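Colleague: Model the following, please.
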Amino acid sequence: MASSQNRSDRLFALMEMLKDGELHRAEDLAAALAVSLRTIYRDMKTLAASGVAIEGARGTGYRAKAALTLPPLNLTEEELEALHIGLAVVGTGMEGPLRAAAESLSAKIDEALPEEVGGVAQGFGFASYPFDQNVQALRHLEPLRTAIRAKQKLRIVDSQQVSRDVRPLKLAYWGRVWSLAVWDETSHGFASLRVDQLAEVTPLPGLFVEEPGKSLRDFEKQR
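Modeller: The predicted model follows:
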């Protein structure tokens, strides 16, 4: 279990590095994550199989693309998220005809995805490891959005029972993972948290105001 969890964390960190749209050499990625080149090559295959659009190859470097175009529709980030949520819920929680229909729809979407996307998803909405448990994040999405809009501080407890008080700044969906950008008042720094790894989300009394060095703009500048 520990080994699986460590790999899941590494793949999330790898995806965070790739999504800047720049070309990254496998050697640099391996050095940044303190793993072997062979591990990076294997991780790239895992990310591509789970639906992350990976471009590049050994010897040239890698980048990831978040935007997907589904002819004849141009999907917004929120529309793509809603589509994935629906298929994830049906595919994970249903049996019989509804699950079969979700699988059929998933296959049709795969066929419609443009060739230039690169790492085409195998079963859109039915993500393979390490993102197959992301449906667990669904229960937190609306409370997190509400807190972001209201500038409401939160107490968050993760799956390891580590508690932190945060200012929620942005909820993002990328590569089939929901992440929460926060200013962590416990460690006094920014963090990007996997929503599917959150066990508890509790609103705290009082609201926060934007302060220099702690805002979403400051978070995005450091990336």
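Colleague: Under the pLDDT cut-off, which ranges of this structure? List them.
Modeller: 1-5, 51, 66-75, 77-78, 80-81, 84-85, 88-95, 107-136, 174-176, 223 (pLDDT under 70).
Colleague: Tell me which residue is most central in it.
Modeller: By C-alpha atoms, centre = their mean, the chain has its centre lying nearest to Val177, at 2.2 Å.
Colleague: Let me see the ranges of the helices in the chain.
Modeller: 2-18, 26-33, 37-49, 77-93, 97-112, 138-150, 216-221 (DSSP state H).
Colleague: Which positions in the second one come out as buried?
Modeller: Neighbour-count burial for helix 26-33, with 16 or more other C-beta atoms under 10 Å as criterion, is recorded at Ala26, Leu29, Ala30, Leu33. In this view, the C-beta of every residue, glycine as well, is placed from N, C-alpha and C.
Colleague: Contact partners for the closest residue to the first one other than its chain neighbours?
Modeller: Beyond its immediate neighbours in the sequence, the residue positioned closest to Ala26 (C-beta to C-beta, 6 or more residues apart in numbering) is Ile40, lying 4.8 Å away. Contacts here follow C-beta atoms under 8 Å, 6 or more residues apart in numbering; on that basis Ile40 touches Leu14, Ala26, Leu29, Ala30, Leu33.
Colleague: now do 10 Å
Modeller: 10, 14, 24-33, 58, 62 (C-beta atoms under 10 Å, 6 or more residues apart in numbering).
Colleague: These: which two are farthest apart?
Modeller: Arg10 and Arg58 (18.8 Å; C-beta to C-beta).
Colleague: picking up where we left off before, could the helices of the chain go into CSV alongside distance to Val201?
Modeller: Converted to CSV, the helices of the chain look like this (distance: least, C-beta to C-beta, whole Å):
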stretch, distance to Val201
helix 2-18, 19
helix 26-33, 28
helix 37-49, 27
helix 77-93, 17
helix 97-112, 28
helix 138-150, 5
helix 216-221, 19
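Colleague: do you know which of those helices lies nearest Tyr173?
Modeller: helix 77-93 (4.3 Å).
Colleague: longest strand anywhere in this protein?
Modeller: strand 163-174 (DSSP state E).
Colleague: Could you check how far that one is from the centre of its chain?
Modeller: Relative to its chain's centre, strand 163-174 lies at 12 Å (C-alpha atoms, centre = their mean, to the nearest Å).
Colleague: How about it, which residues are buried there?
Modeller: Buried residues in strand 163-174 (16+ other C-beta under 10 Å): Arg164, Asp165, Val166, Arg167, Pro168, Leu169, Leu171, Ala172, Tyr173, Trp174.
Colleague: Note down every partner strand of that strand and its orientation.
Modeller: Strand pairing for strand 163-174, using DSSP bridges, gives strand 152-158 (antiparallel), strand 177-184 (antiparallel).
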